[in-house]
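J.: what follows is a predicted structure for the sequence shown.
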Amino acid sequence: MAGDLFGEETPTARQDAATGAAPLAERLRPRSLAEVVGQEHLTGTDGAIGRMVAAGQLSSIILWGPPGTGKTTIARLLAEAVKMRFAALSAVFSGVADLRQAFADAEKMAATGKRTLLFVDEIHRFNRAQQDGFLPYVERGTVVLVGATTENPSFALNAALLSRAQVLVLNRLGDAALETLIDRAEAETGRALPVTTEARAALVASADGDGRFLLNQVETLFSVTLDAPLDPAELAQFLHRRMPVYDRDRDGHYNLISALHKAVRGSDPQAALYWLARMLVAGEEPLYVLRRLTRLASEDIGLADPQALVQCLAAKDAYQFLGSPEGELAIVQACLYLATAPKSNAAYAAQKAAWSAARETGSLAPPANILNAPTKLMKDLGYGAGYSYDHDAPDGFSGDNYWPDGMAPGDYYRPVDRGFEKRIAERMAWWDAQRRSGR
């Protein structure tokens, strides 16, 4: 069963590695935790895994990280480091029968004094009931569970299972770690990578933090005979670039839209444009991004610049009229407009305050003076009595009462001293002064 970064080692894989027939990634599999690159915050002396190994005692853990960062390798080396039996399952290929067999085998081994580390790859793919099935075996110590997932455990795993396991976050591999893998590949093959210095840097960047992908690319380069080292342009033609990790209904999706929202709110048009590009290049639905920008126009800009909402709706019309890729420029324009507009969340705060007041005050009736009186009975009951028509008043302002009897006037909308809202605040202050003077 292939796993993360270097896969799960099998007898056949070990034999192939010994004869040189195994893939390069298999031959470069770390033989100790110290050889694992890019995860020193976990495997080092002060890291959670390093401390567990030093104590010789493992607890159940969930390894959460991107593909190609070493989750399977770490699990296997953990078992070796504390001399536990290593058993592995993939949630993609395993069902209830496989789980039962794994637990039964672990119980037999426990009876002989041998504990089992049960590694479950893609553990988030097990349903809730299957995840609950682990609990009694973890609690009794029949197995030490090491689960691997690329999804946010907060959403993908049961709370009961999470409460019994420590979540450890693996980082995407940085440039230094990926360079180390290339160095090891060159040492293993006895050859220099047939690329220029600039192409080598481009190769590292193209891996997007995935060590397994990088080694596969390196192996492809070693498999051919070239007359001269490849430059970046030639390398790009020779190899394909790794697609960014981006699931439109998963954690990465929400992380990037959050980053876009925060960058716009923070008035950083350059960062906002970058996060917008990250989403659209990865295949996000453009209209989803536009919907979020339109919401942002009201939530974080509002009446500080009323044109912000107009720009978003115009971008929607333009995109639907032009399609991709021409229409994406309109989305860029809307994004940059929002990022460079004056900011105010006054409308957003006013909505929350007004909604709260509406729930608290129940069914208070409007004051009689502002009620319509289409019938004689309603007129006799005082509907509309004393209503002042504002257009007949000086300055178009009567100062009439519009609040329910027994309820003090609320103060929900508080415009900021920025953009168009600064002028709104001035008008509101003048109206308030008129009311206080008895208008």
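T.: Thanks, I have the structure now. Numbers count the residues shown, from 1 in each chain.
J.: T189: how many residues sit nearby?
T.: A count of nearby residues for T189, using other CB atoms under 10 Å, gives 16. Every C-beta, even on glycine, is put in place using the N, C-alpha and C of the backbone.
J.: quick one: contacts for it?
T.: 24, 222 (CB atoms under 8 Å, 6 or more residues apart in numbering).
J.: now R115
T.: The contact partners of R115, taken as CB under 8 Å, 6+ apart, are 84-85, 109, 141, 143-144.
J.: do I have it right that E284 meets H253?
T.: Yes. Judged on CB atoms under 8 Å, E284 makes contact with H253 at a distance of 7.3 Å.
J.: show me the shaky parts of the protein.
T.: Residues of the chain meeting the criterion pLDDT under 70: 1-21, 240-252, 439.
J.: center of this structure, which residue is that?
T.: Centroid-nearest residue in the chain, with CA atoms, centre = their mean: N255, separated by 2.6 Å.
J.: the one helix or strand it maps to - contacts with which helices or strands?
T.: Using DSSP states H and E, N255 falls within helix 251-265. The contact analysis (3 or more CB pairs under 8 Å, 6 or more residues apart in numbering; DSSP states H and E) places helix 251-265 against helix 269-281, helix 286-296, helix 328-340.
J.: the same query, at a cut-off of 6 Å, please.
T.: If you count contacts as 3 or more CB pairs under 6 Å, 6 or more residues apart in numbering; DSSP states H and E, helix 251-265 packs onto helix 269-281, helix 286-296.
J.: got a list of what R414 touches?
T.: A346 (CB atoms under 6 Å, 6 or more residues apart in numbering).
J.: where exactly do the helices run in the stretch 151-300 of the chain?
T.: 153-156, 159-162, 175-189, 197-206, 211-222, 232-238, 251-265, 269-281, 286-296 (DSSP state H, counting those that start in this stretch).
J.: buried set for the longest helix along the chain?
T.: Within the chain, and with DSSP state H defining each element, the longest helix by residue count is helix 419-436. Of all the residues in helix 419-436, those buried under the rule 16 or more other CB atoms under 10 Å are 419-421, 424-425, 434.
J.: possible to save these as CSV with distance to V195?
T.: Below are the buried residues of helix 419-436 laid out as CSV (distance: CB to CB, whole Å):
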residue, distance to V195
G419, 52
F420, 55
E421, 56
I424, 60
A425, 61
Q434, 76
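J.: who touches the one helix or strand L118 maps to?
T.: Secondary structure assigned from DSSP H and E places L118 in strand 116-121. Strand 116-121 has contacts (CB under 6 Å, 6+ apart) with 3, 75, 79, 84-90, 106, 109, 143-148.
J.: output the helix or strand just after it as PDB - backbone C-alpha positions only.
T.: Downstream of strand 116-121, the next assigned helix or strand under DSSP H and E is helix 128-132. Taking C-alpha atoms only, helix 128-132 is exported to PDB below (Å, rounded to 0.1, in the frame of the first residue of the first chain):
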ATOM      1  CA  ARG A 128     -18.800   8.400  11.900                       C
ATOM      2  CA  ALA A 129     -19.800   5.000  12.900                       C
ATOM      3  CA  GLN A 130     -16.600   3.500  11.700                       C
ATOM      4  CA  GLN A 131     -14.600   6.100  13.600                       C
ATOM      5  CA  ASP A 132     -16.500   5.300  16.700                       C
END
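J.: name the next helix or strand downstream of helix 128-132, please.
T.: Going down the chain from helix 128-132, the next helix or strand is helix 135-140, by DSSP H and E.
J.: off-centre distance for that next one?
T.: Counting by CA atoms, centre = their mean, to the nearest Å, helix 135-140 is centred 31 Å from the centre of its parent chain.
J.: now that helix: buried residues?
T.: Using 16+ other CB under 10 Å as the test for burial, helix 135-140 gives 137-138.
J.: packing partners of the helix or strand that comes right after it?
T.: Downstream of helix 135-140, the first helix or strand assigned by DSSP H and E is strand 143-149. On a contact count with 3+ CB pairs under 6 Å, 6+ apart, strand 143-149 meets strand 61-64, strand 116-121.
J.: out of these, which comes closest to D175?
T.: Closest to D175 of the helices and strands packed on strand 143-149 is strand 61-64 (CB to CB; 22.0 Å).
J.: the closest one pairs with which strands, parallel or anti?
T.: strand 143-149 (parallel), strand 166-169 (parallel) (DSSP bridges).
J.: as JSON lines, those with distance to K352 would be great.
T.: Output for the strands paired with strand 61-64, formatted as JSON lines (distance: least, CB to CB, whole Å):
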{"stretch": "strand 143-149", "distance to K352": "35"}
{"stretch": "strand 166-169", "distance to K352": "33"}
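J.: return the most buried member of these.
T.: With neighbours taken as mean count of other CB atoms under 10 Å, the strands paired with strand 61-64 reach their highest mean count in strand 143-149, at a mean of 26.
J.: now the angle from it to strand 116-121?
T.: 20 degrees (axes from the mean of the first three to the mean of the last three CA atoms, to 10 degrees).
J.: who touches strand 143-149?
T.: 58, 60-64, 71, 75, 106, 116-121, 123-124, 134, 137-138.
J.: can I get that strand in PDB, CA atoms only?
T.: The C-alpha coordinates for strand 143-149 follow below in PDB (Å, rounded to 0.1, in the frame of the first residue of the first chain):
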ATOM      1  CA  VAL A 143      -3.900  -0.400  19.700                       C
ATOM      2  CA  VAL A 144      -2.100   2.900  19.600                       C
ATOM      3  CA  LEU A 145      -3.900   4.700  16.800                       C
ATOM      4  CA  VAL A 146      -1.900   6.900  14.300                       C
ATOM      5  CA  GLY A 147      -4.300   8.400  11.800                       C
ATOM      6  CA  ALA A 148      -3.200  10.400   8.800                       C
ATOM      7  CA  THR A 149      -5.400  13.000   7.100                       C
END
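J.: thanks a lot, see you next time.
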